[in-house]
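>>> Sequence below, structure please.
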Amino acid sequence: MSHMIISFLAVVLATSALLAFDASAAPSVSNLPTTGLARIAHFSAASLIRRDHVTGSGEATYYDPGLRACEAYNGPAESIVALNAIDFGPAVPTRNSPACFSCVRITSPSAPNAAPIVAKVVDKCPGCSKGDLDLSPVVFQHFHDLGKGRFPVEWVHVQC
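Numbering: from 1, shown residues only. Predicted coordinates:
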């Protein structure tokens with residue numbers, strides 16, 4: 001009998017705690033999967049970028065995308081970028097880099113009238129210096145014609 005009373009009290013306390021919970025104060029997870037394993041899998045290493053790799057500046061060039069270091073196939077019309085090897089990091093295999101599938105917001109002082117553009121990091125540029133980006137043609141052309149070849153850029157990691 002006392003076991004039933006204790007169980008009943010536990011249910012009452014749990015119910016009152018749930019009723020007192022202010023759901024509006026909790027972060028929204030409506031766009032996340034509902035199962036525990038799927039929820040864990042939803043989070044990527046992109047949120048683990050080292051703090052000293054949050055911003056950069058250097059030169060932008062362009063390249064023809066395809067199958068890249070993050071092991072995703074991308075075409076030239078996609079807003080993607082190859083991050084220089086220093087900022088990309090030494091991950092082996094490269095698909096394990098925290099930079100893979102993170103996003104950067106790019107601006108250029110040489111194109112002050114061009115709005116910032118966000119591109120997804122899907123590749124590593126081994127020939128680029130620290131701060132440099134290798135852009136897909138569509139991202140490059142957002143700022144300049146491909147004939148320009150290279151131009152100065154500034155970038156910052158942002159949430160995708």
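>>> mind checking pLDDT for residue 71?
Residue 71 is assigned 90 on the pLDDT scale.
>>> which stretches of the protein have low pLDDT?
Across the chain, the ranges flagged by pLDDT under 70 are 1-53.
>>> all helices of it, in order?
Using DSSP state H, the helices of the chain run over residues 2-20, 36-42, 85-88, 137-143.
>>> Please name every helix or strand in contact with the last one.
What it means is helix 137-143. The helices and strands touching helix 137-143, judged by 3 or more C-beta pairs under 8 Å, 6 or more residues apart in numbering; DSSP states H and E, are strand 55-62, strand 117-125. C-beta: built from backbone N, CA, C; applies to glycine.
>>> how about a cut-off of 10 Å?
Packing partners of helix 137-143 (3 or more C-beta pairs under 10 Å, 6 or more residues apart in numbering; DSSP states H and E): strand 55-62, strand 80-84, strand 103-107, strand 117-125, strand 133-135, strand 151-158.
>>> Can you say which of those is packed in most?
Greatest average neighbour count among the helices and strands packed on helix 137-143 goes to strand 80-84 (a mean of 27), per mean count of other C-beta atoms under 10 Å.
>>> Using PDB, list the CA coordinates for it.
Output of strand 80-84 as PDB, limited to C-alpha atoms (Å, rounded to 0.1, in the frame of the first residue of the first chain):
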ATOM      1  CA  ILE A  80      30.700  26.400 -52.100                       C
ATOM      2  CA  VAL A  81      34.200  27.200 -51.100                       C
ATOM      3  CA  ALA A  82      37.600  25.500 -50.500                       C
ATOM      4  CA  LEU A  83      39.200  26.700 -47.300                       C
ATOM      5  CA  ASN A  84      43.000  27.100 -47.300                       C
END
